[in-house]
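Trainee: can you look at this prediction? I've put the sequence above it.
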Number of protein chains: 2
Amino acid sequence: MGIHQSELDKRMEHFRSGCIKAGLKLTQQRLEIFKALAARDDHPDAEALFSSLRSHMPTLSLDTVYRTLWLLNDLGLINTLGPRRESIRFDANLRQHHHFVCLRCGLTRDFESDLLNELPIPEDAHAMGKVLASQVELRGICDSCSQIEAL
Amino acid sequence: MGIHQSELDKRMEHFRSGCIKAGLKLTQQRLEIFKALAARDDHPDAEALFSSLRSHMPTLSLDTVYRTLWLLNDLGLINTLGPRRESIRFDANLRQHHHFVCLRCGLTRDFESDLLNELPIPEDAHAMGKVLASQVELRGICDSCSQIEAL
DNA sequence: TCCTATTTAAGAATTATTCTTATACAGGAA
DNA sequence: TTCCTGTATAAGAATAATTCTTAAATAGGA
Ligand SMILES: [Mn+2]
Ligand SMILES: [Mn+2]
Ligand SMILES: [Zn+2]
Ligand SMILES: [Zn+2]
């Protein structure tokens, strides 16, 4: 469940140098918030990190947790799961298919691939539960956003 | 961009029979909401569907759109994108990896696979934009939820 | 046509997330 | 070390997405 100490140390070091490179102040809050996230492998949300930190840091605010996480996300020091940061999107295409998601504008388009439909699922994954569906998510920059960026 | 008429007809027919099989009333609202979603391939959110329907159905409520979409989702007549319908989850694991997501409880676990790291990306996908990352998302039922279900 | 369980509209409520502003502090300069 | 200042934080208000409550409407079977 937990992360090994050596892996945690590695993550902390990468975080520190990333902050310094970006010119960010190494505040107690940032250190603790990152460490709390880096020590877990269950993909917590902001609220879960907040409450786990509250006992050590009674004055920590939830807003700081959010602000810090999005900042680190923008710097590529952490990631978020799933395509969005917005509202939930729905899909009436029930054929097995895959998605290209634009990191800038959220554009999400379908594509099909017989090859990707038949992925070999590792034993590790089977050990987690019964697998019912698999899909590939590609993240990138759509053509329209690339053009805007080129200006 | 749009969906072909024949594909739309097929989706509508599947929807109708799915509703009847589930004992759902075929209300005007359900028909229109599903049709609006089935006619698009851009994965709209509830608000987008709502505003596209408002001109034809001035008394339609946003709540009905949400209620209908989640209902159809639960019946498997449509899908949602991304992990689940909760808050955003964060991840400090920066190595390329993949996820198993439990459809019941939202448990999200990492797994690694050199094979899945090197997926062949179809030309269709490259045509949509510059691909920066790829990951596989497996959906299923975790062991813990399977046990509960077995009771 | 009538009946009734189901569904809907409307708006209030809730929840996740962001904004505003006054205060605190990290870290460079002296 | 102390001082200074731009950056970061706490607190709570504000906003946006989603859900709940309740009274009215209606699909579809009798
Ligand atoms: Mn899709
Ligand atoms: Mn992960
Ligand atoms: Zn884009
Ligand atoms: Zn589960």
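Mentor: It's in. Not measured: the values here are computed from a predicted model. Ligands and ions are numbered 1, 2, ... in the order given.
Trainee: when you work out contacts or count neighbours from here on, use the C-alpha atoms and nothing else.
Mentor: Will do.
Trainee: hey, what's A:Phe90 bridged with?
Mentor: Per DSSP bridges, the residues bridged to A:Phe90 are B:Thr80.
Trainee: correction: the previous question concerned A:Asp110.
Mentor: Beta-bridge partners of A:Asp110, counted by DSSP bridges, are A:His99.
Trainee: ok, now how distant is the residue most central in space within chain A from A:Arg30?
Mentor: For chain A, the residue nearest the mean C-alpha position is A:Thr80 (2.0 Å; Cα atoms, centre = their mean). Per Cα to Cα, to the nearest Å, A:Thr80 is found 17 Å from A:Arg30.
Trainee: for the residue nearest to the centre of chain A, give me its contacts.
Mentor: Residues near A:Thr80 by Cα atoms under 8 Å, 6 or more residues apart in numbering or on different chains: A:Asn73, B:Ile88, B:Arg89, B:Phe90, B:Asp91.
Trainee: same check, this time on A:Leu53
Mentor: Residues in contact with A:Leu53 (Cα under 8 Å, 6+ apart) are A:Glu32, A:Ile33, A:Ala36, A:Leu60.
Trainee: for ligand 3, state which of these is nearest.
Mentor: When the contacts of A:Leu53 are compared for distance to ligand 3 (Cα to the ion), A:Ile33 wins out at 30.2 Å.
Trainee: any idea of the pLDDT on the closest one?
Mentor: What the model reports for A:Ile33 is a pLDDT of 95.
Trainee: next: the one 5 residues further on.
Mentor: At A:Ala38, the model reports a pLDDT of 93.
Trainee: I'd like to know how far it sits from chain B.
Mentor: 5 Å (Cα to the nearest Cα, to the nearest Å).
Trainee: that residue - how many residues pack around it?
Mentor: Using other Cα atoms under 10 Å in any protein chain shown, A:Ala38 has 24 neighbouring residues.
Trainee: my understanding was that it contacts B:Leu94; is that so?
Mentor: No: judged on Cα atoms under 8 Å, A:Ala38 makes no contact with B:Leu94 at a distance of 10.1 Å.
Trainee: show me where chain A has helices.
Mentor: With DSSP state H as the criterion, chain A has helices at A:5-21, A:28-38, A:46-54, A:62-74, A:114-117, A:123-126, A:143-150.
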